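Chemist: next comes the sequence, and after it the predicted model I'd like to discuss.
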Amino acid sequence: MIPSSDAELAEIIMSASGPLAINGGQTRGLKSPGSALMTSGLRGIVHYEPAALTLVVGAGTPVSEVETLLASEGQRLAFEPTDPRILSGASGTPTVGGMVAMNDSGPRKVQIGSCRDFLIGARFVDGGGRIVKSGGRVMKNVTGYDLARLMCGSRGSLGVLTEVAFKVLPMPETQTTLRMKVRILDAPTIMTAALGTPWEVSGAAWLNGEVWLRIEGFAEQIEYRSRCIINALEKFGAFDIDPSADWTTVRDGVALAETPGDLWRITCRPSLASQIASILNQNATLLDHGGGTILTRTEPGMDLRTILPAGVGECLAGPFDALPHRSEAVSAIQIGLKAKFDPKNLFGRF
């Protein structure tokens, strides 16, 4: 089934008697039960106004198409969406709908927020076949419930996105990266200190035995801000300056792509990162978001949740084919939302 409009999608959902497997670009390795429902017919640029920094796009539109359009105007999706194919091993083309459904956000999240923070509106069809519109096409929109952001990160379990509206931002003139060789156990402290400075660090990660700190902006500012950070953190050691560091390595988890074992993604308070890292295989671990996100490989079949300390916000196995492990309080809220938005349980859990 490949609907090309809200109305067609609503009709399919209203007539469905069993589960529906929502498929966008099929890049995340997800294997959902039910009849395939493709979003590829819901694609295209609906509205783009560079001067207003707003973009409206169909949910089935490839992310690459959006990024190419924005780049032509010197703009970007500032939350830095990942390429899920690197770790999932899947083919296909990442779509905007999948990006929003997973709240897909890269290293820059530590500075400017996630995909959810840049979503200003959405249209979707819920499990009852109702066409729902939330937000709008401008940034100043404060009426009604913010259902668009509720859909962001819901993993497609509350409805099928058909159209989304974003705030976009200009590309920076240049960037550089400060790199320091350091143990993983010391990395969260250094990254937290860097993010606590006023010098606008837009990425803080640990990989391959090094802390990486990214600085973006105008060329005449980069040298000054870099020097200020180096001076502020000199007690931790010496930094090398690398203007050519490739942050897609961090964003897409490239360092773990060829590493054997089960892949886990852990979301936690950065203050817990050192404690968690101490029980992991440090040769198969990457820290992002200042230690707030941990990607790691384990022996096949190992349930990492059984040895993690209390206070872990979310632990996602796979990370593409399993559901997050969340607290009872959060799960209770999700059950209530699910009953309201998907009473026939067509879209699975989240």
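Modeler: Thanks, I have the structure now.

Chemist: every contact and neighbour count from this point should use C-alpha atoms.
Modeler: OK.

Chemist: the residue nearest to residue 61 when sequence neighbours are not counted: helix or strand, and which one exactly?
Modeler: Taking Cα to Cα, 6 or more residues apart in numbering as the measure, residue 61 lies nearest to residue 43, with 4.3 Å between them; neighbours along the chain are not counted. Assigned by DSSP states H and E, residue 43 belongs to neither a helix nor a strand.

Chemist: could you do residue 308 as well?
Modeler: According to DSSP H and E, residue 308 maps onto no helix or strand at all.

Chemist: next: residue 32.
Modeler: Secondary structure assigned from DSSP H and E places residue 32 in neither a helix nor a strand.

Chemist: contact partners for the nearest residue to it once chain neighbours are set aside?
Modeler: Nearest in space to residue 32, with sequence neighbours left out and distances taken as Cα to Cα, 6+ apart, is residue 21 at 5.4 Å. When the contact criterion is Cα atoms under 8 Å, 6 or more residues apart in numbering, the partners of residue 21 are 32-37, 347.

Chemist: how far does the helix or strand hosting residue 21 sit from the chain's center?
Modeler: When secondary structure is defined by DSSP H and E, residue 21 falls within strand 20-23. The gap between the average C-alpha position of strand 20-23 and the chain average comes to 20 Å, counting by Cα atoms, centre = their mean, to the nearest Å.

Chemist: check stretch 45-55 too.
Modeler: 22 Å.

Chemist: tell me the buried residues in that stretch?
Modeler: Judged by neighbour count (16 or more other Cα atoms under 10 Å), stretch 45-55 contains these buried residues: 48, 50, 53-55.

Chemist: want to throw the residues you listed into JSON lines with distance to residue 61 and secondary structure?
Modeler: JSON lines is the format used below for the buried residues of stretch 45-55 (distance: Cα to Cα, whole Å; DSSP: H, G, I helix; E, B strand; the rest coil):
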{"residue": "48", "distance to residue 61": "14", "secondary structure": "strand"}
{"residue": "50", "distance to residue 61": "18", "secondary structure": "helix"}
{"residue": "53", "distance to residue 61": "19", "secondary structure": "coil"}
{"residue": "54", "distance to residue 61": "16", "secondary structure": "strand"}
{"residue": "55", "distance to residue 61": "12", "secondary structure": "strand"}
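
Chemist: just the buried residues of stretch 242-261, please?
Modeler: By neighbour count, with 16+ other Cα under 10 Å as the criterion, the buried positions of stretch 242-261 are 247, 250-253, 255-257, 259.

Chemist: what residues are bridge-paired with residue 207?
Modeler: Here residue 207 sits in beta bridges with residue 210, as judged by DSSP bridges.

Chemist: and what of residue 163?
Modeler: For residue 163, the beta-bridge partners under DSSP bridges are residue 58, residue 123.

Chemist: please enumerate the helices of the chain.
Modeler: Per DSSP state H, the chain has helices spanning 6-15, 63-71, 85-88, 96-101, 109-112, 115-118, 147-151, 187-195, 219-232, 248-251, 254-257, 273-277, 328-341. These are given in chain order.

Chemist: out of those helices, which is the most enclosed?
Modeler: Per-residue neighbour counts averaged over each of the helices of the chain give the maximum for helix 96-101, namely a mean of 27 (mean count of other Cα atoms under 10 Å).

Chemist: check the offset of that one from the chain's centre.
Modeler: Its chain's average C-alpha position is 9 Å from that of helix 96-101, according to Cα atoms, centre = their mean.

Chemist: one more: stretch 223-233?
Modeler: On the basis of Cα atoms, centre = their mean, stretch 223-233 sits 29 Å off its chain's mean C-alpha point.

Chemist: residues contacting it, please?
Modeler: With Cα under 8 Å, 6+ apart as the test, stretch 223-233 has contacts from 178, 190, 193-194, 197, 199, 215, 238-239.

Chemist: quick one: which of those is nearest to residue 80?
Modeler: Taking Cα to Cα as the measure, residue 80 lies nearest residue 215 of the contacts of stretch 223-233, at 14.6 Å.

Chemist: report pLDDT for the closest one.
Modeler: Residue 215 is assigned a predicted lDDT (pLDDT) of 97.

Chemist: pull the contacting residues for residue 70.
Modeler: Under the criterion of Cα under 8 Å, 6+ apart, the contact list for residue 70 reads 76-77.

Chemist: next, the distance between the ends of stretch 82-90.
Modeler: For stretch 82-90, the first-to-last residue distance is 14 Å (Cα to Cα, to the nearest Å).
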